[in-house]
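Student: Okay, predicted coordinates and the sequence, questions at the end:
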There are 2 protein chains.
Amino acid sequence: MSSIKYIAERTGVSITTVSKALNNYPDVSEETKRKIREVAEECGYTPNMAARNLALGKSNIIGLVLSEIRETDSNGNIIFRILIGAKNYCAEKDFELLIISTDIKKQRSKTLVQLCKERQISGVIMYGLKPGDPYFEEITKAELPCIAVDIKLKGRHLATVTTDNVAAVKEVIRQLHDKGHRNIALINGLKEVDVSQYRELGYRTAMQELGIEVKDAYIKYADYYEELACEKTKELLNANPEITAIFCASDLMALGAMRAVQGMGKRVPEEVALVGFDGIQLSDYSNPRLTTVVQDFKGMGRAAAEKLIKMLSGENVNEVDYVPYHFRIRESI
Amino acid sequence: MSSIKYIAERTGVSITTVSKALNNYPDVSEETKRKIREVAEECGYTPNMAARNLALGKSNIIGLVLSEIRETDSNGNIIFRILIGAKNYCAEKDFELLIISTDIKKQRSKTLVQLCKERQISGVIMYGLKPGDPYFEEITKAELPCIAVDIKLKGRHLATVTTDNVAAVKEVIRQLHDKGHRNIALINGLKEVDVSQYRELGYRTAMQELGIEVKDAYIKYADYYEELACEKTKELLNANPEITAIFCASDLMALGAMRAVQGMGKRVPEEVALVGFDGIQLSDYSNPRLTTVVQDFKGMGRAAAEKLIKMLSGENVNEVDYVPYHFRIRESI
DNA sequence: CTGTTAGCGCGTTCAC
DNA sequence: GTGAACGCGCTAACAG
């Protein structure tokens, strides 16, 4: 009801002038600007985004594309932090953040690009999608600006925000080496996931640099499942009792490993040292508390939003940006 | 670019007819409908929501109003589940869910109603706001349709979705009584919060019904903080060593209490039994695992969205709806 | 059954 | 400095 038209009438000027004044154009006298703003204030005027977006042909909306969310998962915690980071930055820049979850129903009927066009979404942040997911494949071919979190993408309209996984894992392995460990195993996540590959690379590189032979028998994949990590750890320790330290590519897997180790009657860290990755809340509550690489998920969300908004405004952005991590050493090593 | 206008030209009919066909109006011949849909498909046509909303003067957008979010908090987990529940329902009904967080900066400059008008938001779900928060006060006076989660509000455009806290706590106390406990203490959350009051009411009612005198010394407030709960528990047990069971109004406080009990060299549950509330992930990982009232946060989010959308479409809705909880009994009692 | 006209609220030429 | 006129994409009332 309280549109610029209404304000125009009430002020006795034209709609155009009101629009210009409210957008602080230089070609309106200070006097009329003052008057118009005053009246706008009085009326509790609020611009209508839909109309503005329509007129401008664009909008300040970006999307956060998530794969199907298992809300019970501790994964949710990570997603939430990314969400909050991105959301906060958007709020500062007067952007809107819309969650786009690959709902099964919608996936069949609408492509990501369609979804975005409908809602005037000019770019997206992507997290948790894997090669093979329809939206993932689409984004590499489409022209939709996209910042991926933890996935390396190449293309003019694509960029990445991530943790320097290789450096982080190298630091972990070096630390374990410093503590005297030589037989260090790796429980990795899903092989196909980008970050898993980088974490394994960090493991292999560090071992080589330290002059330790990498044994394939020391590497297991538990696909980021706690239960699976528990089983794999038992296999690992039964087959290779000389192992004194295990690096797990996620905290949840490390907790599974801890359960296995303790279940076998061995002590952490005296007999087997454990290190996780992520820095989720649970890592604070295990006994002993978990040594882990703390990722700054909120920072990654923020960085992703920042990067996307820059990209949308035509600025050049780096192909990859690393968000600082923090190696938190505690009682599990 | 591919608007209904374009489709109209390419099909040789008028814009109106295209609009009607695409919206499946009855007064367009099947033949032309078919033709138009075909062309629309070809062009990869996608309706422009902004334009539609503008023309319709309304929109299918609802907001999720949250108080300032401490992303480190396990509170985040709860919020996230509510969010997912609401989001999923919205997706089914072709509604959009927008997060509105009471950012400090925005709070001074814009009222909630303004924020909503700007974005064409027709109603909101509210969680985590307390009496005294500006947005909270505003909602009770404004006319914005609002479903509050865990807060009882009265008004034509207001309704509530919550857990039946009184019933749940009564069940807890009765269970403890069945196990032989008579000296049962309560560590409650922030006194001002609605749910705290209901949980205390449940406690008091159950005790009375069981013929046990309620001692004020047995009731402490730890404001939902883990650390504070730890301290209060120590005070409680030192002053009243006869206490054999403590019900905490949140899992996080129960974990604090557990730390206190175990830190005092007492065993859970043999010497002190503990029960929490919420059913957060951490409750699965404590040792012993926590007995708790599992709230269905996702269900509450979903119920809130459903209720709001019904309200918006003019249906009558109950003043309060209870979402079923589940009393999960484990080793801590 | 189909098309014409008008309008949603706002931004932007281009005259005055 | 100011305003009239037009268009963004779509829907609704009315006329044919």
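Tutor: That came through fine. The shown structure was predicted, so the numbers you read here are calculated from the model rather than taken from an experiment.
Student: Spell out which residues of chain A are next to DNA strand C.
Tutor: Contact residues, chain A versus DNA strand C (Cβ under 7 Å from any atom of the strand): A:1, A:3-5, A:15-16, A:19-20, A:22-23, A:47-48, A:51-52, A:54-56. Backbone N, C-alpha and C define where each C-beta goes, glycine included.
Student: Any quick ChimeraX command for the buried ones out of those residues?
Tutor: A single ChimeraX command selects the buried members of the residues of chain A next to DNA strand C (16 or more other Cβ atoms under 10 Å in any protein chain shown):
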select /A:3,4,19,20,22,47,48,51,52,54
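Student: can you narrow the residues of chain A next to DNA strand C to ones near DNA strand D?
Tutor: Among these, the ones lying near DNA strand D by Cβ under 7 Å from any atom of the strand are A:15-16, A:20, A:51, A:54-55.
Student: which two in those residues are spaced the farthest apart?
Tutor: A:K20 and A:L54 (18.5 Å; Cβ to Cβ).
Student: Which members of the ones next to DNA strand D among the residues of chain A next to DNA strand C additionally contact chain B?
Tutor: Applying Cβ under 8 Å from any Cβ of the partner chain to these, one finds that A:51, A:54 fall near chain B.
Student: can you put the ones next to DNA strand D among the residues of chain A next to DNA strand C in JSON lines and add pLDDT and secondary structure?
Tutor: Below are those laid out as JSON lines (pLDDT from 0 to 100; DSSP: H, G, I helix; E, B strand; the rest coil):
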{"residue": "A:I15", "pLDDT": "86", "secondary structure": "helix"}
{"residue": "A:T16", "pLDDT": "86", "secondary structure": "helix"}
{"residue": "A:K20", "pLDDT": "84", "secondary structure": "helix"}
{"residue": "A:A51", "pLDDT": "89", "secondary structure": "helix"}
{"residue": "A:L54", "pLDDT": "86", "secondary structure": "helix"}
{"residue": "A:A55", "pLDDT": "87", "secondary structure": "helix"}
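Student: out of the ones next to DNA strand D among the residues of chain A next to DNA strand C, which one sits closest to A:E41?
Tutor: A:K20 (17.2 Å).
Student: Identify the spatial nearest neighbour of the closest one, chain neighbours not counted.
Tutor: Leaving aside its chain neighbours, A:K20 sits nearest to A:V28 (4.9 Å; criterion: Cβ to Cβ, 6 or more residues apart in numbering or on different chains).
Student: residues contacting that neighbour?
Tutor: By Cβ atoms under 8 Å, 6 or more residues apart in numbering or on different chains, A:V28 lies in contact with A:17, A:20-21.
Student: Then A:Y322?
Tutor: Neighbour list for A:Y322: A:162-164 [criterion: Cβ under 8 Å, 6+ apart].
Student: how does it look with 6 Å?
Tutor: For A:Y322, the contacting residues are A:D164, by Cβ atoms under 6 Å, 6 or more residues apart in numbering or on different chains.
Student: Could you do A:Y218 as well?
Tutor: A:A185 are the contacts of A:Y218 under Cβ under 6 Å, 6+ apart.
Student: Need the contact partners of stretch A:37-44.
Tutor: A:2, A:7, A:10-11.
Student: Restrict it to CA atoms and write it as PDB.
Tutor: Provided in PDB are the C-alpha atoms of stretch A:37-44 (Å, rounded to 0.1, in the frame of the first residue of the first chain):
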ATOM      1  CA  ARG A  37      12.700  10.800   3.000                       C
ATOM      2  CA  GLU A  38      10.700  12.300   5.800                       C
ATOM      3  CA  VAL A  39       7.400  11.400   4.300                       C
ATOM      4  CA  ALA A  40       8.700   7.900   3.400                       C
ATOM      5  CA  GLU A  41       9.700   7.500   7.000                       C
ATOM      6  CA  GLU A  42       6.300   8.600   8.200                       C
ATOM      7  CA  CYS A  43       4.500   6.200   6.000                       C
ATOM      8  CA  GLY A  44       6.700   3.300   7.000                       C
END
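Student: how about the strands in chain A?
Tutor: Ranges of strands in chain A, per DSSP state E, are A:61-66, A:96-101, A:121-127, A:146-149, A:158-162, A:184-188, A:219-221, A:245-248, A:273-278, A:291-294, A:320-322, A:326-328.
Student: what residues does the stretch 151-300 of chain A put near chain B?
Tutor: Residues of the stretch 151-300 of chain A lying close to chain B by Cβ under 6 Å from any Cβ of the partner chain are A:281-282, A:285, A:298.
Student: thinking again about what came up before, next one: the residue nearest to A:K20 from A:V13, what distance?
Tutor: 9 Å (Cβ to Cβ, to the nearest Å).
Student: next one: A:E31
Tutor: From A:E31 over to A:V13 the distance is 11 Å, taken as Cβ to Cβ.
Student: So if I had to pick from these two, which one is more boxed in?
Tutor: A:V13 (18 against 8; other Cβ atoms under 10 Å in any protein chain shown).
Student: neighbours of the closest residue to the more buried one other than its chain neighbours, just the number please.
Tutor: Distances taken as Cβ to Cβ, 6+ apart place A:T32 nearest to A:V13, at 6.4 Å, with adjacent residues excluded. Other residues near A:T32 come to 16 when the count uses other Cβ under 10 Å.
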